[in-house]
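Student: coordinates only, sequence not included:
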């Protein structure tokens, strides 16, 4: 294991002599000491949640319900909530943005606190979050930030800002991509995904297939190329279904399996891949997904936060929990998995705050991957924890899949999503 | 190189139990210098020194938390070009905690141009994955990464009927703008279930006996560019990507043999410019 900043500080005695802190060096210099306190001192029952999306909000609601005297504070930099499972439908004009966005006001009405700010650092020893707007002390902390897109890890990408339109970028790149698709009259679309884990495994395959379908339905002179380091589309049980539709679309869609994107460039319109140089008109590279640098600096794990997958408690700090895309677990990185994990973690946190807990079981996931603008497949998985003969806890998974795309699954998907939003945002 | 048959028989029974992810996985098994590794190292390389760390000959890319334990992409690359004086002769892929830890032994020549390979492996439980390069001069160099995956050797493959209908169908792709006297890439994809002997048929629940690719040979014209011995730790329908140097117009010919004595061949013409 490589030496992280925290170990390094300890080793050199630097951290110990200054404040014994897990803060990065610039913060140790005292910059944040002039920051205001966002709220008063923690009362022993304050849970601070980084990230107000599926994982964060559902944990907050679960904790508040089971431990009503807990003070739950959600922090997020987003001005409003966008439901990421609807991203692809929004991009291709199948649903409008206002249908899938929500304000945070209803959270206040349900007894939660929401603060819009960007978190800069974490001081584990003082149990303090340092944000751009001020500091906030916690008794317990939940990290539900989701992942960041590590653009700097794709050679050539950081030098071409705006040259890439990633489907997983929330906010303005999403809106830009929506308009680019609407204005698309022809050309070559190149899609690539990273070798490591990324959020929403079927997403990029759905995106490539939606492009193919969109080009054909609109009669455009376009083609799509997908560059994939994996041997087959994922999730593995749906590979036959994806490959079948890809084959049916091979007049416009080329799928390169076992192939890595090597770099973006040279020039503004080419990428180098293991299958040769490709010229593109629209580029959608999904860069490696990673945790935020301030969480790495705090020594919580890299590239994802190390947790016990049964309780979602950090293996490094018993006051900290993490779940969703940012946690290193065998569960899928998806909104629904974050939601089901949140209900489990919420119970564990409420128990620590004094509430009684039933056996929360294991998380689950369900997903209806789109293969065209009017049909989808289906996959569902449930995880459970079982003790083996030696007393070690094993995680078992079982699930069902349907590789036959059906229009009814698309309706099921929309109904499911509206249900989730209703649960999170109804006052 | 002897395949570690001994280790295979010793651990088959143990690993069959390991379907899930152990939360309390013994820290020792995840360690780069585990007892398991010293046993393996001794068996495969005796007391020869193995160079490790940055600045080594070999680079390895494999995901920490793969999405499919039965098809984990692995990329191995040597920093230097292959020259007749100094070249990577062998590359070994070792998965410490698999029932058959030696996943593949690749043998390269100066005509490979570049020691740059990729394939797909099965990972049965958390532990290190290693790539070890042996130079023609005998030096050994290693790169290793921790992989957190489970059940890759026992995960059910596609339905048996589909698997047997297409058994041995091969696809060879070569660089479309191939260039004479320069390293060019080629990719060999073999339709083969590569049954591990630890899988059950998901329709009948009955165990499936092992049936896997044992060796492959790729030639270009008269020269051999790649040979390999493989085992059950290679994925179903595996892909092998490699480099070769065409000296004239010719054909890439692949020959694959499996554990039931079946042989499959495929040839494609290449006309480098």
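Tutor: Sure thing, it's come through. Note that the structure is a prediction, hence the values are computed from the model and not measured.
Student: what helix or strand is the residue nearest the centre of chain B on?
Tutor: Geometric centre of chain B, nearest residue: residue B:104, 4.1 Å, by CA atoms, centre = their mean. If you go by DSSP states H and E, residue B:104 is part of strand B:102-108.
Student: so what does that strand touch, helix or strand wise?
Tutor: Judged by 3 or more CB pairs under 8 Å, 6 or more residues apart in numbering or on different chains; DSSP states H and E, strand B:102-108 is in contact with strand B:88-95, strand B:114-121, strand B:223-230. Where you see a C-beta, it was placed from the backbone N, CA and C, and this is true even at glycine.
Student: Now do it: everything it contacts.
Tutor: B:1, B:3-4, B:44, B:82, B:87-95, B:115, B:117, B:119, B:121-122, B:225-231, B:233-234, B:242 (CB atoms under 8 Å, 6 or more residues apart in numbering or on different chains).
Student: Separate out the buried members of those residues.
Tutor: Among the contacts of strand B:102-108, the ones that count as buried by 16 or more other CB atoms under 10 Å in any protein chain shown are B:3-4, B:44, B:82, B:87-95, B:115, B:117, B:119, B:121-122, B:225-231, B:233-234, B:242.
Student: which residues does the residue in the stretch 101-250 of chain B that chain A sits nearest to contact?
Tutor: At 4.2 Å from chain A, residue B:239 is the closest residue in the stretch 101-250 of chain B, using CB to the nearest CB. With contact taken as CB under 8 Å, 6+ apart, residue B:239 is in contact with A:231, A:257-258, B:118-120, B:187-190.
Student: Find me the pLDDT at residue B:31, would you?
Tutor: Residue B:31 is assigned 72 on the pLDDT scale.
Student: my read: residue A:240 touches residue B:163, true?
Tutor: No. Residue A:240 is not in contact with residue B:163 according to CB atoms under 8 Å; the separation is 11.9 Å.
Student: could you say what helices and strands whichever strand or helix holds residue B:171 packs with?
Tutor: Using DSSP H and E, residue B:171 maps to strand B:170-174. When contacts are defined as 3+ CB pairs under 8 Å, 6+ apart, strand B:170-174 packs onto strand B:184-190, strand B:250-258, strand B:263-270.
Student: can you rerun that using 6 Å?
Tutor: For strand B:170-174, the packing partners by 3 or more CB pairs under 6 Å, 6 or more residues apart in numbering or on different chains; DSSP states H and E come out as strand B:184-190, strand B:263-270.
Student: Tell me where chain A has helices.
Tutor: Counting by DSSP state H, chain A has helices at residues A:5-12, A:14-18, A:25-28, A:54-66, A:87-91, A:105-109, A:172-183, A:203-218, A:239-248, A:293-297, A:335-352, A:407-425.
Student: Would you mind giving the helices and strands packed on strand B:102-108 as a markdown table with distance to residue B:182 and mean pLDDT added?
Tutor: Formatted as a markdown table, the helices and strands packed on strand B:102-108 follow (distance: least, CB to CB, whole Å; pLDDT from 0 to 100):
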| stretch | distance to residue B:182 | mean pLDDT |
| --- | --- | --- |
| strand B:88-95 | 18 | 96 |
| strand B:114-121 | 10 | 95 |
| strand B:223-230 | 14 | 94 |
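Student: Can you tell me which of those strands is nearest to residue B:70?
Tutor: Distance to residue B:70, taken as CB to CB, is lowest for strand B:114-121 among the helices and strands packed on strand B:102-108, at 8.5 Å.
Student: Just the strands from the stretch 1-150 of chain A, written as ranges.
Tutor: Shown for the stretch 1-150 of chain A, the strands assigned by DSSP state E, counting those that start in this stretch span residues A:46-50, A:71-76, A:81-82, A:101-102, A:113-116, A:119-123, A:128-131, A:134-137, A:140-143, A:148-149.
Student: Turn those strands into a markdown table, including distance to residue A:317 and mean pLDDT.
Tutor: Shown next, in a markdown table, are the strands of the stretch 1-150 of chain A (distance: least, CB to CB, whole Å; pLDDT from 0 to 100):
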| stretch | distance to residue A:317 | mean pLDDT |
| --- | --- | --- |
| strand A:46-50 | 13 | 97 |
| strand A:71-76 | 18 | 97 |
| strand A:81-82 | 28 | 94 |
| strand A:101-102 | 31 | 94 |
| strand A:113-116 | 22 | 96 |
| strand A:119-123 | 10 | 93 |
| strand A:128-131 | 13 | 94 |
| strand A:134-137 | 15 | 95 |
| strand A:140-143 | 8 | 97 |
| strand A:148-149 | 21 | 94 |
